[in-house]
Structures are given as C-alpha cells and as structure tokens.
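Participant: Provide a 3D model corresponding to the input given below.
(one chain, ligands or ions: 1)
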Amino acid sequence: DTGDVSLGEYEHYMLKEIYEQPESIRNAMRGRLDDQDATAVFGGLNLTPQQLRSVERIILTGCGTSWHSALVGEYLIEELARIPVSVEYASELRYRNPPIENNTLVFGITQSGETADTLAALRETKRKGHRTLAICNVVASSIAQAADGGVYLHAGPEIGVASTKAYTSQCCVLAMLALYFGRTRHMSYEAGQGFIEELRRLPAAVQQALTCDQQVRDVAKKYCDATTVLYLGRQYNFPTALEGALKLKEISYIHAEGYPAAEMKHGPIALVDKQTPSVFIVPRGTTHDKVMANMEEVKARGGPIIAVASHDDPHIDAIADDVIRVPQVPGFLQPIVTVVPLQLLSYHIALLRGCDVDKPRNLAKSVTVE
Ligand code: AGP
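Facilitator: Okay, here's the model as predicted:
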C-alpha cells in the first residue's frame, strides 16, 4: 500500500527513501537537541529522573534491519553512557525467558510498529513488570500503543520493503538516547556539546555520501553477476556489514554474508576466490589498520575488493579494486554514513538483475504473523 505517497522524480520508493535520508535524519533530531544542558530531550519516554538514574540494564529488541540498529545502539549506549546493553532477536526473546534484572528498560525497535514478534516480546517483558519503550516510525501503531512510552522516528512513510531511511533514523535516535543516558551519568557538559555538534553535521555528511551514486552504479555493473558477496566491518561498522548483506539478499537475491572483519579467518575466508567480491567497510578509526590487514589477506587469495573508505584515506587505492569514499565522521556515527553506499549498491545491482526493487519476492513490509 503506497497510500498517497508519490514517487516524484524517482523510479522506485526505495531510491526515493535513500535520498530522503538527510531530511529524515534532520526530522529525527528536530526539537530533541538541548544546547542549554548539552543533552537530548524526549517528550514520550515518561521516565522520572529517579527512574532514569536507576537504570541498570537496557535490552534492545527487534527483527531484521531493526535488530541491526539495535546492535549499533548496543555499542553506542555502552560506550557513551556506560550502561550494559543486551541485544535480542524479538522472536527469541519472546520464548527464551532470560533472567531480567530489576531496573531494566526494554526498547522495542520497529519501523512499522506491527511486527508480531516484537510486539509479543514487549508484551511478555511488560507482563513481567519491566518498563517497555518503543522506538518506532508509524504513529499509533500496535507497538507504539502497547509500550509504556517511546520515541517516534518521524522518518515519514517508508514504502519500499527494504528498510533504508528508517534504519538511519533508528541509529540516530539511539545515538541521541546514548547522549541522554550518558549525560545523567559520566558524560561531561563539554563532551555533550561536542556530541551535539557532531549530530548536527550528520545530515550534510549523509548528503555528501549520496554523491557516490554514479560510482556505485559502475561498481554494481562490475559485480551484478556475483553469486556470493561478503560484507566485512568492525566495531560500529560490523552492523553495517550485516545490513549491507541483508539489503543485497532481500532485493537482488544474491547470497551475501555480513561478518566482523576479524572473524573472516575463522571460516568465511574459505569462500574467497576470484568470483567472490568482498565489501570492506573501512573508514578511518581505531580498527582501520587491522581491517586493512584483513583486506590484504583477501587480496592475496585473489578476491575482488570493494572498499567503503574515508574521503582522505591515502592507502586504500593500493589495495582495493574499487573505492567508494564517504565523509569522515566520528566512529559512533559512522554506521549512519557508511550504510548509504551499501543501500545504493543493493539497489543498482537489483535493477541490473531485473528484480522488483520495491516488492521483492517472498517478503512483506511488516511481518504481522509469527
Ligand atoms: C528490512 O529491509 C526488512 N524488510 C525487515 O528485516 C524488517 O526490518 C523487519 O521485518 C522488521 O520490521 P519492523 O522494523 O517494521 O519491525
């Protein structure tokens, strides 16, 4: 159902939604950055200052792409707010019955707000007395109503079955939550201000990342007949690897695997040959040199390499066959920028293979049955 959302100048909703991301990220942040106190504000969380301070654990749960943003959230909240985080597939959490400590907040992350497993996981944890919150796009959806409170993404309708703008908005909301929780604990006023400045630069960075489109088309032409593609990244870009692989599987029907780059040598490297391209997400940062070493290993085995790298990385061309450059942002915001070329790559490969980009086979926009 496309409602009354028009395609405008775009050929597909997925492409339109990819291009909307600078704006959807701006909308996720609108009215939520508080310069005065160097923190984020959320009208709908309904937490008292005491509840906020006494949080001992956060559970992030969801499915598919929303589970990937939960992984980004885990890294963000643990690093910046120092609160232990567990990430759970909603379909597992609902039956797994793990011990959950008092003072645990459970966030259900969902674009549609209608995913059956996420709804059931929240209902089950709420029944056990835990505070449940939604990070959700669709206003007044079942999950938004079932939760005790939450944060809307304000990304606008997402029609393409493959989630794009909802994902980057989820990551953005999770970054703001990390700021919010961090500022009630160890994060200084100055660090909070710096964080806000970086968040404000994001829409422009994503806009700049979108300029790689033509180059991504060329890469897509080169690799559209591949039967397996590996996606490798570390730390904040490990979830990006998973998300890039999921996007390719969903809309182009090419088998893809996302892995933490260093795990490669524990198995997936056996897949590397001249016909199997590896996409490395390798912006500048703490693990950059380690990932470069992983790239060397793939190169030594004849595997083609596509790198998503920082715009000013001087060493990358010597190793990678194709380099897609993205603007440099701090590590904790990289997933929001590095995923953009991977969304475009899956889109262009799917087009070249004649796939129905907005309505891929066997998939529904929201999975409302178990
Ligand atoms: C994303 O591209 C997928 N179509 C799918 O994994 C999706 O993210 C998942 O079904 C969860 O949906 P939700 O965010 O609406 O709960």
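Participant: so what's the residue of the chain found nearest the ligand closest to, chain neighbours aside?
Facilitator: Nearest to the ligand in the chain, going by Cβ to the nearest ligand atom, is Gly64, at a distance of 1.8 Å. Where you see a C-beta, it was placed from the backbone N, CA and C, and this is true even at glycine. Take Gly64 and drop its neighbours on the chain: the residue closest to it by Cβ to Cβ, 6 or more residues apart in numbering is Leu246, 6.8 Å away.
Participant: reduced to three states, what does the one you found come out as?
Facilitator: State at Leu246, reduced to three classes by DSSP: H, G, I helix; E, B strand; the rest coil: helix.
Participant: so it sits against His68, correct?
Facilitator: Yes: shown here, Leu246 and His68 form a contact pair, counting by Cβ atoms under 8 Å, at 7.1 Å.
Participant: neighbour count winner among those two?
Facilitator: Per other Cβ atoms under 10 Å, whichever of Leu246 and His68 has more neighbours is His68, with 29 against 22.
Participant: list the residues that contact that one.
Facilitator: His68 is in contact with Tyr167, Pro239, Leu242, Glu243, Leu246, counting by Cβ atoms under 8 Å, 6 or more residues apart in numbering.
Participant: and what of Glu124?
Facilitator: Neighbour list for Glu124: Leu93, Arg94 [criterion: Cβ under 8 Å, 6+ apart].
Participant: what about dumping the CA coordinates of the helix or strand hosting it to PDB?
Facilitator: Counting by DSSP states H and E, the element that carries Glu124 is helix 116-127. Only the C-alpha atoms of helix 116-127 are listed here, as PDB (Å, rounded to 0.1, in the frame of the first residue of the first chain):
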ATOM      1  CA  ALA A 116       4.300  -9.700  15.600                       C
ATOM      2  CA  ASP A 117       7.400 -11.000  17.300                       C
ATOM      3  CA  THR A 118       8.500  -7.500  18.500                       C
ATOM      4  CA  LEU A 119       5.000  -6.800  19.900                       C
ATOM      5  CA  ALA A 120       5.000 -10.200  21.700                       C
ATOM      6  CA  ALA A 121       8.400  -9.700  23.200                       C
ATOM      7  CA  LEU A 122       7.400  -6.300  24.600                       C
ATOM      8  CA  ARG A 123       4.100  -7.700  25.900                       C
ATOM      9  CA  GLU A 124       5.900 -10.600  27.600                       C
ATOM     10  CA  THR A 125       8.500  -8.300  29.300                       C
ATOM     11  CA  LYS A 126       5.900  -5.800  30.300                       C
ATOM     12  CA  ARG A 127       3.800  -8.600  31.900                       C
END
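Participant: any residue of that helix up close to the ligand?
Facilitator: Yes: among the residues of helix 116-127, Thr118 lie within reach of the ligand under Cβ under 6 Å from any ligand atom.
Participant: now the element after that helix, going C-ward?
Facilitator: Moving toward the C-terminus from helix 116-127, the first helix or strand encountered (DSSP H and E) is strand 131-136.
Participant: given that following strand, what are its sheet partners and their directions?
Facilitator: The strands beside strand 131-136 in its sheet (DSSP bridges) come out as strand 104-110 (parallel), strand 149-152 (parallel).
Participant: can you get me a residue count around Ser66?
Facilitator: 25.
Participant: list the contacts of it.
Facilitator: Contact partners of Ser66, counting by Cβ under 8 Å, 6+ apart, are Ile109, Thr110, Gln111, Thr115, Thr118, Ser163, Ala166, Tyr167, Gln170.
Participant: and it, what helix or strand is that in?
Facilitator: With elements delineated by DSSP H and E, Ser66 resides in helix 64-81, which encompasses its position.
Participant: and Leu93, by the same measure?
Facilitator: Under the criterion of DSSP H and E, Leu93 resides in helix 90-96.
Participant: contacts for that helix?
Facilitator: 59, 61-63, 67, 88, 108, 115, 117-118, 120-122, 124-125, 370.
Participant: distance check, Gln207 against Glu23.
Facilitator: With distances taken as Cβ to Cβ, to the nearest Å, Gln207 is found 9 Å from Glu23.
Participant: what two of the contacts of His68 are the furthest from one another?
Facilitator: Put simply, by Cβ to Cβ the two of those set farthest apart are Tyr167 and Leu242, 11.0 Å from each other.
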